[in-house]
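Participant: please find the sequence and the predicted model below.
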Amino acid sequence: KNEVEQSPQNLTAQEGEFITINCSYSVGISALHWLQQHPGGGIVSLFMLSSGKKKHGRLIATINIQEKHSSLHITASHPRDSAVYICAVRGRGGSEKLVFGKGTKLTVNP
Amino acid sequence: KAGVTQTPRYLIKTRGQQVTLSCSPISGHRSVSWYQQTPGQGLQFLFEYFSETQRNKGNFPGRFSGRQFSNSRSEMNVSTLELGDSALYLCASSLGDRGETQYFGPGTRLLVL
C-alpha cells in the first residue's frame, strides 16, 4: 500500500463546477503539500499545510491530521485549471523526504 | 528574481553511458532536492542537499549520485544508464532545511536508447 493515496485518479468536469480531490496518508507528517503540474512538466507548489485550512483565490486546501486526510477544492472551475494535481507529504522532523501520491488528472471542459 | 533553472532541458543517451544534469536554485536558496518522474512510478525523491551536505537519499541504486557546490548549484550524475532511467528529472529549491515550500525547475527530460 502506498504511503500517499489520491482519489480520484482522473476527473472530468464542466466549467463552473466545484471540484474536490482527496489525499489520504498513512504516516505521521510534519507538512502536506499540494502541487499542480501542467502538460509539459512544470510543477507549481499550491499549498503547504500542517493544520486547518488555506485559501488562495479559487483554491482551498484542508487537512485533518487525526484522520490523516486532506482535500483540495477548486471553486468555479475553469479550463485553465486542467492539470495534474499531486499530493505530497513530508515526514516529521521537517527535513524528511517528500513522498508523493500518484496524482489526479483534472480536465475541465468549456 | 530568476526561478530555478535546469540544464540541459532535453537529453538523449544510449545504454551504458553516463549523464550529468545541472540545477541552479533561486538566489538565496540553500536547499536543493532532486526528483525522478516516470509514467509508471510517478514522482520519486532522489536526494536532498543543504549547504553542500546530502541530508536525505531516496531508494535509488548507487549509479545515481549528486553534489552541491558552495554557491548552492547542484548536479546529479547517473552512470551506466539503463533504459528504465528514461524520465523527467526535476530539481526544486527552498530557502532553508526546515521543509519550506519548494520551487521546482522545468526539468530535464532524459531518453535512454
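Facilitator: Now that the structure is in, tell me what you want to look at.

Participant: just the CA trace of stretch A:24-32, in CSV.
Facilitator: Provided in CSV are the C-alpha atoms of stretch A:24-32 (Å, rounded to 0.1, in the frame of the first residue of the first chain):
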residue,chain,number,x,y,z
SER,A,24,-5.0,10.1,2.4
TYR,A,25,-1.7,9.2,4.0
SER,A,26,-0.6,6.6,6.4
VAL,A,27,2.4,8.1,8.2
GLY,A,28,2.9,10.9,10.7
ILE,A,29,3.7,14.0,8.9
SER,A,30,5.1,17.5,9.5
ALA,A,31,3.5,19.0,6.4
LEU,A,32,1.4,18.2,3.4
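
Participant: close to chain B, is that stretch?
Facilitator: Yes. Using C-beta under 8 Å from any C-beta of the partner chain, we find that stretch A:24-32 touches chain B at A:S30, A:A31. C-beta here means a position set from N, CA and C on the backbone, and glycine is covered the same way.

Participant: ok, and for that stretch, which residues are buried?
Facilitator: Using 16 or more other C-beta atoms under 10 Å in any protein chain shown as the burial criterion, the residues of stretch A:24-32 that qualify are A:S24, A:Y25, A:I29, A:A31, A:L32.

Participant: which two of those have the greatest separation?
Facilitator: Farthest apart among the buried residues of stretch A:24-32 by C-beta to C-beta are A:S24 and A:A31. That separation is 15.7 Å.

Participant: just the element for the most centrally placed residue in chain B, please.
Facilitator: Geometric centre of chain B, nearest residue: B:W34, 3.3 Å, by C-alpha atoms, centre = their mean. In the assignment (DSSP states H and E), B:W34 maps to strand B:31-38.

Participant: next, the angle strand B:31-38 makes with the helix or strand just after that strand.
Facilitator: Downstream of strand B:31-38, the first helix or strand assigned by DSSP H and E is strand B:42-50. For strand B:42-50 against strand B:31-38, the angle by axes from the mean of the first three to the mean of the last three C-alpha atoms, to 10 degrees is 160 degrees.

Participant: how far off centre is strand B:42-50?
Facilitator: Put simply, strand B:42-50 sits 7 Å off its chain's centre (C-alpha atoms, centre = their mean, to the nearest Å).

Participant: again, but for stretch A:19-34
Facilitator: Stretch A:19-34 sits 7 Å away from the centroid of its parent chain (C-alpha atoms, centre = their mean).

Participant: quick check: end-to-end length of that stretch?
Facilitator: 14 Å (C-alpha to C-alpha, to the nearest Å).

Participant: quick check: mean pLDDT of it?
Facilitator: What stretch A:19-34 shows for mean pLDDT is 93.

Participant: what's next to the helix or strand bottoming out on mean pLDDT in chain A, contact-wise?
Facilitator: When each helix and strand of chain A is scored by mean pLDDT, DSSP states H and E, strand A:98-100 comes last, with a mean of 90. Strand A:98-100 is contacted from outside by A:3-4, A:25, A:27, A:33, A:86-91, B:33, B:35, B:42-45, B:102, using C-beta atoms under 8 Å, 6 or more residues apart in numbering or on different chains.
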